[in-house]
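Trainee: dropping a prediction and its sequence here:
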Amino acid sequence: MKLQGRGVSAGVAVGRAVVAVREATQIRYRLSASGVERERQRLRTARERTRQDLEEISERLARTLGPAQASIFAAQVLMLDDPLLMKRADELIRTDRINAEWAIERVVDDLQAALAREGDEWLRERGGDVSDVGGRLQRNLRPDHTTLADLIEEIEPPVVLVVDELPPSVAAQLDWARVGGLVCDFGSPTSHTVILLRSLGVPAVVGAGRATSMVAPGQMVALDGVTGEVLLDPEPDVLEGWQNRAALTAAASRALDELRDRPAKTADGVRLRLEANLELADEVSRVREAGAEGIGLFRSEFLLDADGAGEEEQVEVYRGLLAAMAPLPVTIRTFDAAGDWRHPHRGGAAAAHRDRFGVRGIRSVLQHDARFRTQIRALLRAADAGTLRILLPFVTTADDLRFARGVIDEITREVGGRRVPVGAMIEVPAAALTVDALAEHAEFLSVGTNDLTQYTLAVDRTDDWLARQYEATSPAVLRLLRTAAVQARRAGCELSVCGEMAGDPLLVPLLVGLGYRRFSMTPTAIPHVKHALSTLDVRQATVLARRAVLARSAHEVDQLLASMARTMRDAVDGSIKEPA
Ligand code: PEP
Ligand code: MG
């Protein structure tokens, strides 16, 4: 059986499925034979905790509101002894070898379905009580709030994680050495979770439809992060073909390693600067290994989970990063998080809307957010460990930038530190159009094409329903990119690109043609981009960019890019000499 999604992080992964839904709070997996008894004990303990909870509630209500109210919970206590609930769940653990959470989910679903079929209204309404007891049992199975990350530590690898969607804060906590790959029902190539996986080199497929309901937990799953194919119970010979192909691709990538210590240059000798994006500070070695000339974007909001955002913790992380990269520059972006970063979708449409258009990035500074001041203090205290640059996200107007800059200057005086270069992200059309004004308050600017595309085209970058409309090569986006480049050059302000476009070897020629010379990308992309640039002629790229900016559609731009790619490939082929 095969599912088709979109490959967003290259490589092949094979493993037993762990299925997690609802922001990874509901987890389904199969137990090893030796794990069954432990799981049954977990279920018994949860039942006793639940019984205690319900008896306490019932007694309290009897005292305060009277016996009628208390009887609801007394009835729930009785449900705990109903063989259709606990006995059945215990049986599922034994016979189907499934984890206790999943067993409870199944018996609650079955009971509710049975009650819903009843003609009797009183009985149908008991469905609510069943799910209430089920929810309490689930919570009591994990009273210490064991997370997906903890469970992954216990399940035998290799695992393929199958999710509806995975919040980046959860993704950041998982041990990806134990999880070989990810399949998502939803998702998009520029979501932060996918950006993180690309940077870690973990294969991923998104938009795989109803994978969470089609894949049985424990089932063997194989995924190809290039083609987007997902196989359930793959045949060994098909799998071998896939693995051979992945090995060849990996070998071709390794062949590019020799470029690591060479400077990035075009065929006609124009020097370019390639830096790396980083999400997890622990992964800094990947940046050095890829031959990056610095960190062009550290997405600090990944520190917000795991309570890593206290001032002292931050100082330690920043010092570590700066020291690991010294003397190369480290550009740390201040938290770019709206509202509740840990649960981006909690609160439904209104919260999602606030994430994109609300108090986000430096807008929080205007609201006197203490978190920003703490972060700036931590950054400045760490600054002497290396070469620090501070990057401000979601800048819209020069006024906002001036204000945030004022706060940074004030804190610099407070801590008695030296002035650190401050930059602004250009990721909102308003900012791209007023680079001249922004340049008066910043030492450098960095274009975030992920958001710039989203806000220019009014297409939510995480919405897989709109994947076809999310076109980074739209002439509208390219015109903004050109305007920003022209204005930055006139203002004499450093300008780079740090969105996903910069890491795409097919799109970088376009950016070079538009006047960009500095790029920051996921570390694994650096050798590929360096290689593509080495075959590029800047004059040709400039002609390409002029035509692309005047194109009538993204499709037309893509055709121009394809013909450019052919020219570059011919250049590579022509340079391969026959052995003497
Ligand atoms: C961008 O918007 O292009 C960017 C680099 O920032 P992020 O992907 O973190 O929003
Ligand atoms: Mg952005």
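Mentor: Thanks, I have it. Ligands and ions are numbered 1, 2, ... in the order given.
Trainee: now the strands: where do they sit in the stretch 251-400 of the chain?
Mentor: Ranges of strands in the stretch 251-400 of the chain, per DSSP state E, counting those that start in this stretch, are 273-278, 295-299, 329-333, 387-392.
Trainee: quick one: closest of those to Asp96.
Mentor: Asp96 lies closest, by Cβ to Cβ, to one member of the strands of the stretch 251-400 of the chain: strand 295-299, at 40.7 Å. Just so you know, the C-beta spots here come from the backbone N, C-alpha and C atoms, and that holds for glycine as well.
Trainee: how about whatever helix or strand Gln540 lives in: buried residues?
Mentor: Using DSSP states H and E, Gln540 sits within helix 538-549. Within helix 538-549, the residues that qualify as buried are 538, 540-541, 544-545, 548-549, counting by 16 or more other Cβ atoms under 10 Å.
Trainee: quick one: distance of it to the chain centre.
Mentor: Here the centre of helix 538-549 is set off from its chain's centre by 32 Å, with Cα atoms, centre = their mean, to the nearest Å.
Trainee: for the one residue sitting closest to the centre of the chain, report the pLDDT, please.
Mentor: For the chain, the residue sitting closest to the mean C-alpha position, by Cα atoms, centre = their mean, is Thr193 at 1.5 Å. Thr193 is assigned 92 on the pLDDT scale.
Trainee: next secondary structure after the helix or strand it falls within?
Mentor: Assessed by DSSP H and E, Thr193 sits inside helix 192-200. Downstream of helix 192-200, the first helix or strand assigned by DSSP H and E is strand 204-206.
Trainee: buried residues in the very next helix or strand once past that next one, which are they?
Mentor: The C-terminal neighbour of strand 204-206 among helices and strands, as given by DSSP H and E, is helix 211-214. With burial defined by 16+ other Cβ under 10 Å, the residues of helix 211-214 counted as buried are 211-212, 214.
Trainee: which helices and strands does the helix or strand hosting Asn450 pack with?
Mentor: Element membership for Asn450, per DSSP H and E: helix 449-457. Helix 449-457 is packed against helix 429-433, helix 475-491, with contacts defined by 3 or more Cβ pairs under 8 Å, 6 or more residues apart in numbering; DSSP states H and E.
Trainee: hey, which helix or strand in this protein has the poorest pLDDT?
Mentor: Lowest mean confidence among the helices and strands of the chain (mean pLDDT, DSSP states H and E): helix 348-357, at a mean of 66.
Trainee: ok, the residue of the stretch 101-250 of the chain found nearest ligand 2 - contacts?
Mentor: Nearest residue of the stretch 101-250 of the chain to ligand 2, counting by Cβ to the ion: Thr190, 8.8 Å away. Residues near Thr190 by Cβ atoms under 8 Å, 6 or more residues apart in numbering: 450, 453-454, 461-462, 470, 499-500.
Trainee: is any residue of the helix holding Asn450 near ligand 1?
Mentor: Yes: using Cβ under 6 Å from any ligand atom, helix 449-457 reaches ligand 1 at 449-451.
Trainee: what's the answer for stretch 429-439, then?
Mentor: No: using Cβ under 6 Å from any ligand atom, stretch 429-439 never reaches ligand 1; the gap is at least 11.3 Å.
Trainee: now do the same end-to-end measure for that stretch.
Mentor: End-to-end span of stretch 429-439 (Cα to Cα, to the nearest Å): 15 Å.
Trainee: can you report phi and psi for the residue lying closest to Gln243 once chain neighbours are set aside?
Mentor: Using Cβ to Cβ, 6 or more residues apart in numbering and skipping the chain neighbours, the partner closest in space to Gln243 is Val12 (5.7 Å). Per-residue torsions, Val12: phi -110, psi 140 (degrees, to the nearest 10).
Trainee: Val12 bridge partners, please.
Mentor: For Val12, the beta-bridge partners under DSSP bridges are Asp224.
Trainee: and the pLDDT for it?
Mentor: Note on Val12: pLDDT of 92.
Trainee: show me what contacts it?
Mentor: Taking Cβ under 8 Å, 6+ apart, we find Val12 in contact with 181, 203, 222-225, 242-243, 245-246.
Trainee: likewise for Glu275?
Mentor: Here Glu275 is in contact with 292-297, 329, 331, 496, 518-521 (Cβ under 8 Å, 6+ apart).
Trainee: if we go to 6 Å?
Mentor: Going by Cβ atoms under 6 Å, 6 or more residues apart in numbering, Glu275 touches 292-294, 296, 520.
Trainee: same question for Met564.
Mentor: With Cβ under 6 Å, 6+ apart, Met564 has these contacts: 509, 544.
Trainee: including pLDDT and neighbour count, could the contacts of Thr190 go into CSV?
Mentor: Listed next are these as CSV, based on pLDDT from 0 to 100; neighbours: other Cβ atoms under 10 Å:
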residue, pLDDT, neighbour count
Asn450, 96, 22
Thr453, 97, 25
Gln454, 95, 23
Arg461, 90, 21
Thr462, 84, 23
Tyr470, 93, 21
Gly499, 97, 29
Glu500, 96, 23
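Trainee: number of nearby residues for Arg381?
Mentor: Look at Arg381: counted by other Cβ atoms under 10 Å, it has 17 neighbours.
Trainee: ok, it touching Val315?
Mentor: Yes: in terms of Cβ atoms under 6 Å, Arg381 counts as a neighbour of Val315; the distance is 5.0 Å.
Trainee: before we move on, back to that, can you name the two of the contacts of Thr190 that are farthest apart?
Mentor: By the measure Cβ to Cβ, Thr462 and Gly499 form the most distant pair in these, at 14.5 Å.
Trainee: can you pick the most crowded of the contacts of Val12?
Mentor: Within those, most neighbours by other Cβ under 10 Å means Leu223, with 32 neighbours.
Trainee: what distance do you get for that residue to ligand 1?
Mentor: Separation of Leu223 from ligand 1 (Cβ to the nearest ligand atom, to the nearest Å): 23 Å.
Trainee: got it, and Ala323?
Mentor: From Ala323 over to ligand 1 (counting by Cβ to the nearest ligand atom), the distance is 24 Å.
Trainee: what distance do you get for the spatially closest residue to that residue that is not a sequence neighbour to Phe357?
Mentor: Residue nearest to Ala323 in three dimensions, not counting chain neighbours: Ala385, with 4.8 Å by Cβ to Cβ, 6+ apart. Counting by Cβ to Cβ, to the nearest Å, the gap from Ala385 to Phe357 is 36 Å.
Trainee: looking at the two, which one has more neighbours?
Mentor: A direct count of neighbours by other Cβ under 10 Å for Ala385 and Phe357 places Ala385 higher, at 18 against 11.
Trainee: correct me, but the more buried one touches Leu322?
Mentor: Yes: the pair Ala385 / Leu322 is scored as a contact, 4.0 Å apart, by Cβ under 6 Å.
Trainee: now do Met220, the pLDDT please.
Mentor: For Met220, the model assigns a pLDDT of 93.
Trainee: then Ala337?
Mentor: On the pLDDT scale, Ala337 is placed at 79.
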